[in-house]
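A.B. asks: whatever this is, show me its structure:
(chains A and B)
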Amino acid sequence: MNEVHRYYFDHNATTPVSQSVLEVLVAALLEVPGNASSIHQDGQLAKQKLEAARREVAALLGCEAKDLVFTSGGTEADNLAILGSVLANTTPRKHVVTTAIEHPAVLNPCRELERSGIAVTYVAPTPDGVVDPEDIRRAIRRDTVLVSVMHANNETGVLQPIAEIAALAHQAGALMHSDGVQTAGKISVEVQALGVDLYSISGHKFYATKGIGALYVKPGTKLRPIQFGGKHERERRPGTENVPSAVAMAKAASIARATLPIEPARVQTLRDRLETGILAHVPDTSLNGGHTARTPNTTNICFDGLQGEALVISLDLKGFAVSSGSACSSGAVEPSHVLLAMGLPPERARASLRFSLGHSNNEEQVDALIEAVAQSTAQLRKLSPTYTSA
Amino acid sequence: MSGGVDSSVVAGLLQREGRPIVGLTMQLWNQRRLPELAPEGGVTGRCCSLDDVYDARHVAQHLGIPYYVVNFESGFEEQVVKPFIDDYLSGRTPIPCTLCNNFIKFDQFLDLASGVGAARIATGHYARIGFDEATGRYQMSRGVDHSKDQTYFLFGLKQDQLARTDFPLGSYTKPQVRELARELGLPVAAKPDSQEICFVPNGDYAAFIDAYFRERGIAPEKTQGEIRDTDGRVLGEHSGVHHFTVGQRRGLRIAAGEPLYVIATEPASQRVIVGRHQDLLRATLTAKDMNWISINPPQAPIRAQVKIRNKHLAADATVYPADPTRVEIRFDEPQRAVTPGQAAVLYDGDLVLGGGWIE
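C.D. replies: Here you go, the predicted structure:
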């Protein structure tokens, strides 16, 4: 309990703002006070900064600046993509295809659509956590209006075959959305190569501030706003533009793009060191979703006979931030719906932890974490009524 | 830490002593379930409500201690809520707080605390723990504030559980605890006390049981039937045995010359038997699954004061050991409403000798 350090291994939850992002953010707050929709020079300066930011973020996704809508974050981008595209649809199409492993920011807009009479099919992944395009093909109906599949899963890091699925959606005359919150900034993303019509990203997952995100909207895609107000963002998302945060996200995007050739490989080496270290040194552990392409920073490990929640607390008290399942409104942990959808029994889902790495991590931290995991696991298992060593 | 005054003061006292502590709140029941039971204006002041977790977190922040909410919902449902319902449907009157203490708080929760590195747990119960050098046993006594004493609910604690547990409030009165809360500057110092059964709104357990069955899409077993008197005469109809508990007078809807009380509920025949006050009196009872706390299991009859429900004034009795896990209790004076499913807890003054379940 005498904490000596804080080592952060939860970058899929959020990332710390980097120093250079902080600097441009503070500068924008101080030097760009205008409203980007005002016609005077103060407004024009803000508008210039906003559009420069838009170009920089667009470059991260390989799209045109005019095709990006700034939002308050990933959740709003997902809501706008799903509700906005389905509401804009004037044909008799009444069906949406998504997956059982999506983030709540996708699952819950879909449930809201169901309450208004739209049918939704939730496709289950394979036990490896990957969505089989064949299953999507079978789920698509003549009246499917939208297919929404995340690019990488937040809990396992497993990459989904978006390009293949987008082709299937388009063959059926449906739109394709992908939640790219866990990929943007972590791997190279080209929205045109993916073939998506809509793609959501979130700034704070790649070292920008909380409260800013964006939605890529392919030209020609019909989208209704889901909030109503002024004529901002080409009448797709009303509200005074958050210029300082957009500037911060642009800086973070430019850093991510510049470091894509080296940083993901560095992080992957650390991730692999952590993963092999735990699997080798801690008995009765296994990988969830580790047998297919993943984002380079994520690993999800099951510790037989343990409560993941207890292991998270134990590691936290030793100075390591890791994650298990998803927090319910009180802050208690519920078993991961992603792992359950992959077919893990509830007790194994509860026994699983996610480690997600990032800029701040190094070999020394990884080795310390392996040691701490081994210690905590041994201590907890001594008391576990369900664990008997193999 | 429930977010209430008692457990908050415990945290404050331990922290003031300079002991390294971690605050934990058990998430036991999702209050958004069974929304039809929610009082108007939403759910407040019950265990695991978001407001209570907010308060507990606020206290932890005030004290500057690490704090976590831990999820025991599935264990609580299996080991407390379901047996609670089964008991009522079987004509017994259960004590969910004791089941929670035995199977969740001082078992799974204690193990989790040990697992994350805590040597001991401390709770806000009004009870005291001591150690008897002569027998080598941990002992339990009533809290000095007899009006708040919670030992009736703690009779199931085993020696290894007592060895790792602290009840810092056992030597304080409730007014003193409120004063300590103010002294420690705790944000919950003026919060009202909570009610007894945390997951049942307004104490309406029958409505809870009905709502629980509706939620799970299971039709409750048909438990409605006749109300009869002790001579077997049919006096009326009732809507389910789980609406009645021994000693109950209200809700019978029978016009009679003298007050009638529930004497027994018979789930097999779905009958509720009613009678006069003197029909409620019993001089003996058998208690099973005895747990001995402050003394070694007796080999010969002992004298004790015995409580047969939480609000019962402990009555003098002789306790005859029948076999290692059962005793027969003979009261000096017959006692009113001996109720199956409740506990018989044995005292010697303030000392808790042990207890068991009334058959």
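A.B. asks: what about the closest residue to chain B within the stretch 101-250 of chain A, which SS state?
C.D. replies: Relative to chain B, the nearest point of the stretch 101-250 of chain A is residue A:108 (15.0 Å; Cβ to the nearest Cβ). Any C-beta I mention is one placed from the backbone N, CA and C, and that applies to glycine too. Put simply, residue A:108 is helix when judged by DSSP: H, G, I helix; E, B strand; the rest coil.
A.B. asks: residue ranges with poor pLDDT in the stretch 101-250 of chain B?
C.D. replies: B:195-196, B:220-223 (pLDDT under 70).
A.B. asks: try 80 this time
C.D. replies: Across the stretch 101-250 of chain B, the ranges flagged by pLDDT under 80 are B:194-197, B:201-203, B:218-224, B:250.
A.B. asks: show me what stretch B:83-90 is in contact with.
C.D. replies: B:93-94, B:96, B:99, B:205-206, B:209, B:212, B:220-221, B:223, B:241-242, B:267, B:341 (Cβ atoms under 8 Å, 6 or more residues apart in numbering or on different chains).
A.B. asks: can I get it as PDB, trimmed to CA atoms?
C.D. replies: Output of stretch B:83-90 as PDB, limited to C-alpha atoms (Å, rounded to 0.1, in the frame of the first residue of the first chain):
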ATOM      1  CA  PRO B  83     -33.200 -18.100   0.000                       C
ATOM      2  CA  PHE B  84     -35.100 -15.100   1.400                       C
ATOM      3  CA  ILE B  85     -37.900 -15.700  -1.100                       C
ATOM      4  CA  ASP B  86     -37.800 -19.500  -0.700                       C
ATOM      5  CA  ASP B  87     -38.100 -19.100   3.100                       C
ATOM      6  CA  TYR B  88     -41.200 -17.000   2.800                       C
ATOM      7  CA  LEU B  89     -42.800 -19.300   0.300                       C
ATOM      8  CA  SER B  90     -42.000 -22.200   2.700                       C
END
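A.B. asks: in it, what counts as buried?
C.D. replies: B:83-85, B:87-90 (16 or more other Cβ atoms under 10 Å in any protein chain shown).
A.B. asks: just stretch B:75-84 next, same as before
C.D. replies: B:75-77, B:79-81, B:83-84.
A.B. asks: hang on, the earlier thing: between the buried residues of stretch B:83-90, which sits nearest chain A?
C.D. replies: residue B:83 (18.5 Å).
A.B. asks: secondary structure of that closest one: a helix, I assume?
C.D. replies: Yes - checked against three-state DSSP, residue B:83 lies within a helix.
A.B. asks: I'd like to know which of the buried residues of stretch B:83-90 is nearest to residue A:251.
C.D. replies: residue B:84 (57.2 Å; Cβ to Cβ).
A.B. asks: if we can go back for a sec, make TSV from the buried residues of stretch B:75-84 and add distance to residue B:330 and pLDDT to it.
C.D. replies: Below are those laid out as TSV (distance: Cβ to Cβ, whole Å; pLDDT from 0 to 100):
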residue	distance to residue B:330	pLDDT
B:75	38	92
B:76	37	94
B:77	38	94
B:79	33	95
B:80	32	95
B:81	35	94
B:83	29	94
B:84	30	93
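A.B. asks: relative to residue B:296, how far out is residue B:51?
C.D. replies: Residue B:51 sits 45 Å away from residue B:296, going by Cβ to Cβ, to the nearest Å.
A.B. asks: same check, this time on residue A:136
C.D. replies: Distance from residue A:136 to residue B:296, by Cβ to Cβ: 68 Å.
A.B. asks: of the two, who's got more company?
C.D. replies: Taking other Cβ atoms under 10 Å in any protein chain shown, residue A:136 and residue B:296 do not tie; residue A:136 has more neighbours (25 against 11).
A.B. asks: skipping adjacent residues, who's closest to that one in space?
C.D. replies: For residue A:136, ignoring the flanking residues on the chain, the nearest one in space by Cβ to Cβ, 6 or more residues apart in numbering or on different chains is residue A:165 at 5.1 Å.
A.B. asks: tell me which residues are up against the helix or strand harbouring that neighbour.
C.D. replies: Secondary structure from DSSP states H and E places residue A:165 in helix A:162-171. Identification of contacts with helix A:162-171 by Cβ under 8 Å, 6+ apart yields A:97, A:131, A:133, A:136-137, A:140, A:144, A:146-147, A:149, A:151, A:175-176, A:178, A:193-197.
A.B. asks: who in chain B is up against chain A?
C.D. replies: Within reach of chain A by Cβ under 8 Å from any Cβ of the partner chain, chain B has these residues: B:20, B:22, B:25, B:27, B:30, B:48, B:50, B:53, B:57, B:66, B:68-71, B:73-74, B:111-112, B:114-117.
A.B. asks: after the lowest-mean-pLDDT helix or strand in chain A, next one along is what?
C.D. replies: Within chain A, judged by mean pLDDT, DSSP states H and E, the helix or strand with the poorest mean is strand A:326-327; its value is a mean of 71. Once the chain leaves strand A:326-327, the next helix or strand it forms, by DSSP H and E, is strand A:333-334.
A.B. asks: one step back: identify each buried residue in the helix holding residue A:165, please.
C.D. replies: Buried residues in helix A:162-171 (16+ other Cβ under 10 Å): A:162, A:164-166, A:168-169.
A.B. asks: centre of the chain to it, how far?
C.D. replies: Using Cα atoms, centre = their mean, to the nearest Å, the mean C-alpha position of helix A:162-171 is found 21 Å from that of the whole chain.
A.B. asks: correct me, but residue B:315 touches residue B:332?
C.D. replies: Yes - using Cβ atoms under 8 Å, residue B:315 is in contact with residue B:332, at 7.2 Å.
A.B. asks: tell me where the stretch 201-350 of chain A has strands.
C.D. replies: A:213-217, A:285-287, A:298-303, A:320-321, A:326-327, A:333-334 (DSSP state E, counting those that start in this stretch).
A.B. asks: follow-up on the earlier one: give me the buried subset of the contacts of helix A:162-171.
C.D. replies: Counted by 16+ other Cβ under 10 Å, these give A:97, A:131, A:133, A:136-137, A:140, A:144, A:146-147, A:149, A:151, A:175-176, A:178, A:194-197 as buried.
A.B. asks: and these, which of them are in strands?
C.D. replies: Among the buried ones among the contacts of helix A:162-171, the residues falling in strands (DSSP state E) are A:97, A:144, A:146-147, A:175-176, A:178.
A.B. asks: what segments of the stretch 201-350 of chain B are strands?
C.D. replies: Under DSSP E, counting those that start in this stretch, the stretch 201-350 of chain B gives strands at B:225-229, B:234-238, B:261-266, B:271-275, B:281-292, B:302-307, B:315-323, B:326-336, B:343-348.
A.B. asks: next: the stretch 51-200 of chain B.
C.D. replies: So, for the stretch 51-200 of chain B - with DSSP E, counting those that start in this stretch - the strands run B:67-71, B:121-122, B:127-132, B:137-142, B:165-166.
A.B. asks: can you get me a residue count around the residue of the stretch 201-350 of chain A found nearest chain B?
C.D. replies: Going by Cβ to the nearest Cβ, chain B is nearest to residue A:332 of the stretch 201-350 of chain A, at 3.7 Å. Residues within reach of residue A:332, counting by other Cβ under 10 Å, total 22.
A.B. asks: and it, how close does it get to residue B:57?
C.D. replies: For residue A:332, the distance to residue B:57 equals 12 Å [Cβ to Cβ].
A.B. asks: and if you look at residue B:226?
C.D. replies: Using Cβ to Cβ, residue B:226 is found at 52 Å from residue B:57.
A.B. asks: same question, residue A:122
C.D. replies: Noted for residue A:122: a distance of 34 Å to residue B:57, by Cβ to Cβ.
A.B. asks: neighbour count: those two, which is higher?
C.D. replies: Shown here are residue A:122 and residue B:57; by other Cβ under 10 Å, residue B:57 has more neighbours (19 against 16).
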